[in-house]
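Student: give me a model of this one.
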Amino acid sequence: MIKQVTLVLDPESAADREKIIKLAAKAAGISSDNISEWRICRRSIDARHRDIKVNLNILLAPAGEKLMPEFSPFRPLNVTRSREVIIIGAGPAGLFAALRLIELGLKPVIIERGRNVSARKRDIANISRKKIIDPDSNYCFGEGGAGAYSDGKLYTRSHKRGNNLRVLELLCHHGADRSILYDSHPHIGSDKLPEIILQIRKSIIDAGGVFLFETKVTDLIVSNNRIKGVITHDNRKFLSPYIILAAGHSARDIYTVLKKRNIELEFKPFAMGVRVEHPQEFINRIQYHNSPSVKYLPAASYGLAKQVEGRGVYSFCMCPGGFVIPSATSSEEVVVNGMSPSRRNSPFANAGIVVEVRAEDIKSWFSGGELAGIDFQRETEQKAFKSAGRGVMAPAQRLADFVAGVFSTTLPAVSYFPGVVSSPLHEWLPNFIGKRLRDGFRLFGSAMKGFLTNDAVVIGVESRTSSPVRIIRNEDTMEHVRISGLYPCGEGAGYAGGILSSAVDGMRAAEAIANKAEEKS
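Tutor: From the prediction side, this is the model:
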């Protein structure tokens, strides 16, 4: 009979697979020699106390028995001659919508403004080497979306809207390490994701799906409140009664198209701040209490959140053993984000520290109406560019100096490869953000002794945490509230935040279309 056991181990024992199976067999009351198969189905680290523990949940199959398959198979149908569904954007929402469509017998036609994931890598390298930002192929745009080259964290705060596990299963099917199925904070890594994305594209094309790279949607064809198709930058028309709009949170021109077509939008609260970077050993020392077991543990992470003057101030996209990266989508703006490779072996740890932004905070920008948040983002990003004054270099300040309101005459080494310039962020950041950040950092320093130090640096600006616009849809049908056949989804539509939740949202849109198509047939 299949047995399931829970072990609570010290980090050294948890790193020894032979010891794990012996202890698991003992806990199950069987001999380790009598086990045909075993696997971890849940793993988490409890570092709340000095005596750090690793919690493992393990399945065991005695001799003569087998464990059930670890995940459900991917079963694409041949959709070469099937009804077409246009997908705008090849980020997580778009790609997983396409995978689900071909499971359901519909043909995805994916229109992506950027390049494929391999060509995109060269464009990203040029940001540092040649100080050139291609507005259509960068850290935000191109196959895989913003997630492809920015970390690959797969956890989400929301478990209400869809099947998170199915997304993880599909990633494993396309080459992700199976640890994402059982780790409490699954992570793939920015070095591994591009190959997985390439395999996803192969699955879609093999089933009959179509990709159109370097093709920008510039208009929608709408008649009598029904979607009819799209027009691209080269004046081609692509017709379909079903369009999944998964353009991502930085596709600002798409919002302009929607507004021109009187497609209902609304301002959505978002967050903005800075990226803070520490030496990873500092974070390890704080989080692991100077434990000698640190060599058996992954690079430590943290999660921080406080209320300051009625607004949330919190850490976002924490990247242990990672790098700060340039995420602007046009010249004369500076935007930063974070990423970690799969091994998380950089000597730096970084996280976005951001402040909640509400409509009342940016009243003076509301001449732009529903797009006021974009105007506010853009203005702050341009301030960051002017403050650094050197292309894609970013403005930076030592953390304790920022909190004290003191200009940093020198800066420590940082992971941001285009380079940083000393800048008084405390002076030019919008006051309602800067003041709350400084107060928040003081509170974080009290909660994590050693966090508030001048050996850490803040780099500006972290402005693309999520879309400041929501494309209003009916949550039951996933369609836009007025335009039949238009399915806004993912981060750009204002309904997700990260790879996992965006992928889930895209799959939900695909299922909604399949249900509607079946009703009409």
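Student: not counting its neighbours along the chain, what's nearest T256?
Tutor: Ranked by C-beta to C-beta, 6 or more residues apart in numbering and with sequence neighbours excluded, the top spatial neighbour of T256 is L371, at 7.7 Å. C-betas here are computed from N, CA, C, even on glycine.
Student: pull the number of nearby residues for the one you found.
Tutor: 22 (other C-beta atoms under 10 Å).
Student: quick one: average pLDDT of stretch 403-414?
Tutor: Per-residue pLDDT values across stretch 403-414 average out to 98.
Student: okay, buried residues for it please.
Tutor: Taking 16 or more other C-beta atoms under 10 Å as the neighbour-count basis, stretch 403-414 is seen to contain the buried residues V403, S408, L411, P412, V414.
Student: who's in contact with that stretch?
Tutor: By C-beta atoms under 8 Å, 6 or more residues apart in numbering, the surrounding residues in contact with stretch 403-414 are 277, 324, 348, 396-398, 401-402, 420, 422, 424, 426-427, 438, 441-442, 452, 454-457, 459.
Student: among those, the buried ones, what's the ChimeraX command?
Tutor: To isolate the buried ones among the contacts of stretch 403-414 in ChimeraX, judged by 16+ other C-beta under 10 Å, type:
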select :277,324,348,396,397,398,401,402,420,422,424,426,438,441,452,454,456,457,459
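Student: just the ones of the contacts of stretch 403-414 in strands?
Tutor: Among these, DSSP state E puts E277, V324, F348, A396, Q397, R398, V420, S422, V457, I459 in strands.
Student: can you give me the pLDDT of the fourth one?
Tutor: Which is A396. The predicted local confidence for A396 is 98.
Student: isn't it up against P418?
Tutor: No - applying C-beta atoms under 8 Å as the test, A396 and P418 come out as separate, 11.4 Å apart.
Student: picking that back up, with secondary structure and distance to S367 added, can I get the buried residues of stretch 403-414 in TSV?
Tutor: Conversion of those to TSV gives the following (DSSP: H, G, I helix; E, B strand; the rest coil; distance: C-beta to C-beta, whole Å):
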residue	secondary structure	distance to S367
V403	helix	34
S408	coil	36
L411	coil	37
P412	coil	41
V414	coil	37
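Student: residues in contact with the helix or strand where R43 lies: which ones?
Tutor: Assigned by DSSP states H and E, R43 belongs to strand 35-46. The contact list for strand 35-46 (C-beta under 8 Å, 6+ apart) reads 4, 11, 14, 20-21, 24-25, 52-67, 70, 179, 181-184, 297-298.
Student: distance between that strand and the chain's centre?
Tutor: Relative to the centre of its chain, strand 35-46 is centred 26 Å away, using C-alpha atoms, centre = their mean, to the nearest Å.
Student: counting contacts, what elements does whatever helix or strand comes next after that strand pack onto?
Tutor: Scanning forward in sequence from strand 35-46, with DSSP H and E defining helices and strands, the next element found is strand 53-62. When contacts are defined as 3 or more C-beta pairs under 8 Å, 6 or more residues apart in numbering; DSSP states H and E, strand 53-62 packs onto strand 3-9, helix 11-14, helix 17-28, strand 35-46.
Student: strand 53-62 pairs with which strands, parallel or anti?
Tutor: Based on DSSP bridges, the pairing partners of strand 53-62 within the sheet are strand 3-9 (antiparallel), strand 35-46 (antiparallel).
Student: mean neighbour count added to these, as a markdown table?
Tutor: Shown next, in a markdown table, are the strands paired with strand 53-62 (neighbours: other C-beta atoms under 10 Å):
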| stretch | mean neighbour count |
| --- | --- |
| strand 3-9 | 15 |
| strand 35-46 | 16 |
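Student: how about a markdown table for the ones you listed, with distance to G352 added?
Tutor: Shown next, in a markdown table, are the strands paired with strand 53-62 (distance: least, C-beta to C-beta, whole Å):
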| stretch | distance to G352 |
| --- | --- |
| strand 3-9 | 33 |
| strand 35-46 | 22 |
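Student: now those strands in a markdown table, with distance to G391 and mean pLDDT?
Tutor: Conversion of the strands paired with strand 53-62 to a markdown table gives the following (distance: least, C-beta to C-beta, whole Å; pLDDT from 0 to 100):
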| stretch | distance to G391 | mean pLDDT |
| --- | --- | --- |
| strand 3-9 | 50 | 97 |
| strand 35-46 | 40 | 96 |
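Student: and the buried residues of stretch 403-414, which is closest to P269?
Tutor: Distance to P269 across those (C-beta to C-beta) is lowest for V403, with 25.2 Å.
Student: how's the protein carved up into domains?
Tutor: Per the record's domain assignment (automatic domain parsing), the chain is made up of the domains 3-62, 84-264+469-520, 270-462.
Student: give me the below-cutoff pLDDT ranges for the protein.
Tutor: Residues of the chain meeting the criterion pLDDT under 70: 150-153, 155-162, 368, 521.
Student: what separates the closest residue to F441 other than its chain neighbours from G338, distance-wise?
Tutor: Ranked by C-beta to C-beta, 6+ apart and with sequence neighbours excluded, the top spatial neighbour of F441 is V403, at 5.0 Å. Look at V403 and G338: by C-beta to C-beta, to the nearest Å, they are 21 Å apart.
Student: can you check W428 too?
Tutor: Separation of W428 from G338 (C-beta to C-beta) stands at 22 Å.
Student: and the domains of the chain as CSV, adding distance to P76?
Tutor: Formatted as CSV, the entries for the domains of the chain read as follows, by distance: least, C-beta to C-beta, whole Å:
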stretch, distance to P76
domain 3-62, 26
domain 84-264+469-520, 4
domain 270-462, 27
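Student: any idea which of the strands paired with strand 53-62 gets closest to I471?
Tutor: Nearest to I471 among the strands paired with strand 53-62 is strand 35-46 (36.2 Å), distances taken as C-beta to C-beta.
Student: could you tell me the angle between that closest one and helix 17-28?
Tutor: For strand 35-46 against helix 17-28, the angle between stretch directions is 100 degrees (axes from the mean of the first three to the mean of the last three C-alpha atoms, to 10 degrees).
Student: so which elements touch the helix of greatest length in the chain?
Tutor: Counting residues, the longest helix in the chain under DSSP state H turns out to be helix 499-520. The contact analysis (3+ C-beta pairs under 8 Å, 6+ apart) places helix 499-520 against helix 92-103, helix 164-173, strand 243-245, strand 486-488.
Student: repeat the analysis, applying 6 Å as the threshold.
Tutor: helix 92-103, helix 164-173 (3 or more C-beta pairs under 6 Å, 6 or more residues apart in numbering; DSSP states H and E).
Student: and the residue nearest to P320 when sequence neighbours are not counted, how many neighbours?
Tutor: Nearest-residue entry for P320: A299, 3.7 Å, with adjacent residues in sequence omitted and distances by C-beta to C-beta, 6+ apart. If you count neighbours by other C-beta under 10 Å, A299 ends up with 22.
Student: how about A299, phi and psi?
Tutor: For A299, the backbone dihedrals (degrees, to the nearest 10) come out as phi -50, psi 130.
Student: mind listing the helices for the stretch 201-350 of the chain?
Tutor: Under the criterion DSSP state H, counting those that start in this stretch, the stretch 201-350 of the chain contains helices at 252-260, 280-287.
Student: which of the ones you listed sits closest to S367?
Tutor: Distances from S367 to each of those were compared using C-beta to C-beta; the minimum, 13.4 Å, belongs to helix 252-260.
Student: so which bits of the closest one are buried?
Tutor: R252, I254, Y255, V257, L258, K259.
Student: repeat for stretch 65-72
Tutor: Neighbour counts using 16+ other C-beta under 10 Å place F71 of stretch 65-72 among the buried residues.
Student: just the residues contacting it, thanks.
Tutor: Contacts to stretch 65-72, defined as C-beta atoms under 6 Å, 6 or more residues apart in numbering, come from residues E37, L59, A61, E169.
Student: leaving out sequence neighbours, find the closest residue to the third one.
Tutor: Counting by C-beta to C-beta, 6+ apart, A61 lies nearest to E37, which is 4.1 Å off, once chain neighbours are set aside.
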